[in-house]
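[1] Prediction below, plus the sequence it came from.
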Amino acid sequence: MSHADSAATSPSLSGASRPETLRSETLAVHPPHVEIRGSRPLGVPLHQGHVFAFDSADALAEAFTSTDAFMYSRHGNPTVRTLEDAVARLEGGAAGLSFASGMGAVSGVLHGLLGSGGHVVAQTCLYGGTYAVLTDLATRWGVDVTYVSGTDPEEVRAALRPETRLLYLETIANPTTRVSDLPALAAVAGEAGVPVVVDNTFASPLLCRPLHHGADIVIHSATKYLAGHADVLGGVAVFKDPELFRRVRHHTVEQGASTDPFAAWLTLRGMQTLSLRIARQCANAAELGARLEAHPAVAGVRHPALASHPDRAIAERLLPDGGGGVVSVDLVGGREAGRTFVEAVRVASLSVSLGDVKTLVMHPASTSHHQLDAEALAAAGIGPGTVRISVGIEHVEDLWADLEQALTKSS
Ligand code: PLP
């Protein structure tokens, strides 16, 4: 008897009440489910199926109000849930929520927590897409935004108002690598009952766990360090408070920015090597940062592990295991030097994104932060000659040789 024959006659394979004899057309759309007995898959199973069948109408009705049941993947999927739980556990939160991209997570959290007319306190130097969402919320929804440096608690205290709905920070800012004083700023917001949202993409939960420093929600572009191989888009938010999770989840399910299970599966696969990748990226970045600082074509280098970093004292407390894989370099030759440099690299690639196993270089003023005008760029610390290097896991000497030859061409 073939597997197909056995599927047709076995009630356990095709549902408790299916007829015993089925035609090929019907069998074709009801393949047998493989049940594994006596062992378990070591890799995470991919539940690509988006729709789940029930035997009880009451159970399906209950699934609409439950956050645990699986009935339709926009509301929840076992592989996606595994990712949510995995990131929540790494960050030390109560619950995780996965999104189709990092921007899905940023917008989902902001739209989920804000209503029209509220007030947000946010760090001046933020990822350009986040800045664009805040600008849109200000223009179209009347949400007032006050920008602060991210290092001065008294500045945050002065910016808070009775209608402030959240404080938004990045652990390591994109692309300047400024480090927020999370414990000090979160303490001020906490006294006022204002939730603190931290984009922890640049640090990853291996280098910093913002919930342990007073944050309420952590956001990741999983596209970057979590997944790590430039082959998947994703975002995850982790919540300390189950009530905030429920508010954002409700909004997210309606908005439909859910993660495809295969994207979740790829992210989970990448995360298994996160600790090895990030350790190598931190070491490579610190070494290259130190060498770049001494190069005559370079006006300045920012990496949290360098003694010269403006937030070195904060980084020592917050990032004891490494300053991350991103190095921000200001070239003496300004915009033209920046353009020449990013086109001259041979081992590194001229690409947006970061956190990949390969080294990526880009020019923020004309790409990731093009939404910012000259004044906003200057306030964010991004100069015309600023180049962002997302350091990969290649051999550091090959990377140095590549950067050196590109610097020679650009000077
Ligand atoms: N947050 C940070 C810090 C980022 O750098 C990015 C993208 O570069 C995002 C969020 C958005 O992530 P995604 O591209 O996955 O939407």
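    Looks like it came in fine. Numbering: from 1, shown residues only.
[2] Surely Thr252 is in contact with Gly112?
    Yes: applying Cβ atoms under 8 Å as the test, Thr252 and Gly112 come out as touching, 6.7 Å apart. Every residue, glycine included, has its C-beta placed from N, CA and C.
[3] For stretch 25-43, buried residues please.
    Within stretch 25-43, no residue is scored as buried using 16 or more other Cβ atoms under 10 Å.
[4] Start at 17, not 1
    Fine by me, first position is 17 from now on; the one you just mentioned is stretch 41-59.
[5] So for Thr268 and Gly128, which sits in the more crowded spot?
    Comparing Thr268 with Gly128 by other Cβ atoms under 10 Å, the one with more neighbours is Thr268, at 25 against 21.
[6] what's the spacing between that one and the ligand?
    14 Å (Cβ to the nearest ligand atom, to the nearest Å).
[7] cool, Leu242 as well?
    Distance, Leu242 to the ligand, using Cβ to the nearest ligand atom: 10 Å.
[8] what's the answer for Lys425, then?
    Lys425 is 27 Å from the ligand, by Cβ to the nearest ligand atom.
[9] Then Val363?
    Distance of Val363 to the ligand, computed by Cβ to the nearest ligand atom: 22 Å.
[10] pretty sure that residue is touching Asp418, no?
    Yes: counting by Cβ under 8 Å, Val363 does reach Asp418; the two are 4.0 Å apart.
[11] Overlap in contacts, the two.
    Both Val363 and Asp418 are in contact with Thr375, where contact means Cβ atoms under 8 Å, 6 or more residues apart in numbering.
[12] Walk me through the domains of the chain.
    Listed domain ranges for the chain are 19-78, 89-287, 290-426 (source: automatic domain parsing).
[13] burial of whichever residue of the chain sits closest to the ligand, as a residue count?
    The chain approaches the ligand most closely through Gly118 (2.2 Å), counting by Cβ to the nearest ligand atom. A total of 26 residues lie near Gly118 under the criterion other Cβ under 10 Å.
[14] Which residues are in contact with it?
    Contacts of Gly118 (Cβ under 8 Å, 6+ apart): Gly145, Thr217, Ile235, His236, Ser237, Ala238, Thr239, Lys240, Leu249, Gly250, Gly251.
[15] Chain neighbours aside, what residue packs nearest to it?
    Nearest residue to Gly118 in three dimensions, chain neighbours excluded: Ser237, at 2.4 Å (Cβ to Cβ, 6 or more residues apart in numbering).
[16] contacting residues around stretch 161-180?
    Under Cβ under 8 Å, 6+ apart, the answer for stretch 161-180 is 133-141, 150-151, 153-154, 183, 185-186, 189, 194-197, 200-201, 203-205, 208, 210, 327, 330, 395.
[17] buried set for that stretch?
    161-167, 169, 171-173, 175-176, 180.
[18] How about stretch 238-254?
    238-244, 246, 248-254.
[19] Can you list which of these are found in strands?
    Filtering those for membership in strands, criterion DSSP state E, returns Gly251, Val252, Ala253, Val254.
[20] give me every residue that touches the closest residue to the first one other than its chain neighbours.
    Distance criterion Cβ to Cβ, 6+ apart; nearest residue to Gly251, sequence neighbours excluded, is Ala121 at 3.2 Å. Taking Cβ under 8 Å, 6+ apart as the contact definition, Ala121 lies against Leu113, Phe115, Ile235, His236, Ser237, Gly251, Val252, Ala253.
[21] Could you double-check that the last one sits in contact with Ile233?
    Yes: taking contacts as Cβ under 8 Å, Ala253 lies within contact range of Ile233: 5.8 Å.
[22] what do these two both touch?
    Joint contacts of Ala253 and Ile233 (Cβ under 8 Å, 6+ apart) are Val125, Val264.
[23] Which secondary structure element of this protein has the lowest mean pLDDT?
    The weakest-scoring helix or strand in the chain, judged by mean pLDDT, DSSP states H and E, is helix 19-25 (a mean of 38).
[24] on that earlier part again, name the element the residue nearest to Gly251 belongs to?
    Secondary structure from DSSP states H and E places Ala121 in helix 118-129.
[25] other SSEs contacting the next helix or strand after that helix?
    Per DSSP H and E, the first helix or strand lying C-terminal to helix 118-129 is strand 135-139. Identification of packing neighbours for strand 135-139 by 3 or more Cβ pairs under 8 Å, 6 or more residues apart in numbering; DSSP states H and E yields helix 144-157, strand 160-164, strand 180-186.
[26] Tell me which of those sits most buried.
    strand 180-186 (a mean of 24; mean count of other Cβ atoms under 10 Å).
[27] Tell me which residues of the helix or strand following it come out buried.
    Once the chain leaves strand 180-186, the next helix or strand it forms, by DSSP H and E, is helix 198-207. Using 16+ other Cβ under 10 Å as the test for burial, helix 198-207 gives Leu198, Pro199, Ala200, Leu201, Ala202, Ala203, Val204, Ala205.
[28] so can I have a markdown table of these showing distance to Gln387?
    Formatted as a markdown table, those follow (distance: Cβ to Cβ, whole Å):
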| residue | distance to Gln387 |
| --- | --- |
| Leu198 | 25 |
| Pro199 | 30 |
| Ala200 | 29 |
| Leu201 | 24 |
| Ala202 | 27 |
| Ala203 | 31 |
| Val204 | 28 |
| Ala205 | 26 |
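[29] Residues of the stretch 167-316 of the chain that sit close to the ligand?
    Contact residues (Cβ under 6 Å from any ligand atom) of the stretch 167-316 of the chain with the ligand: Glu186, Asn190, Asp215, Thr217, Phe218, Ser237, Thr239, Leu249, Gly251.
[30] Please repeat the previous calculation with a cut-off of 5 Å.
    Residues of the stretch 167-316 of the chain found near the ligand (Cβ under 5 Å from any ligand atom) are Asn190, Asp215, Thr217, Ser237, Thr239.
[31] So the last one sits against Gly251, correct?
    Yes: Thr239 is in contact with Gly251 according to Cβ under 8 Å; the separation is 7.5 Å.
[32] can you pull out the strands in the stretch 217-366 of the chain?
    All strands of the stretch 217-366 of the chain, identified by DSSP state E, counting those that start in this stretch, fall at 233-237, 251-255, 314-318, 342-347, 365-366.
[33] Report the rounded mean pLDDT for the shortest one.
    Think strand 365-366. Mean pLDDT, computed over strand 365-366, is 98.
[34] Before I go, just wanted to say thanks for your time.
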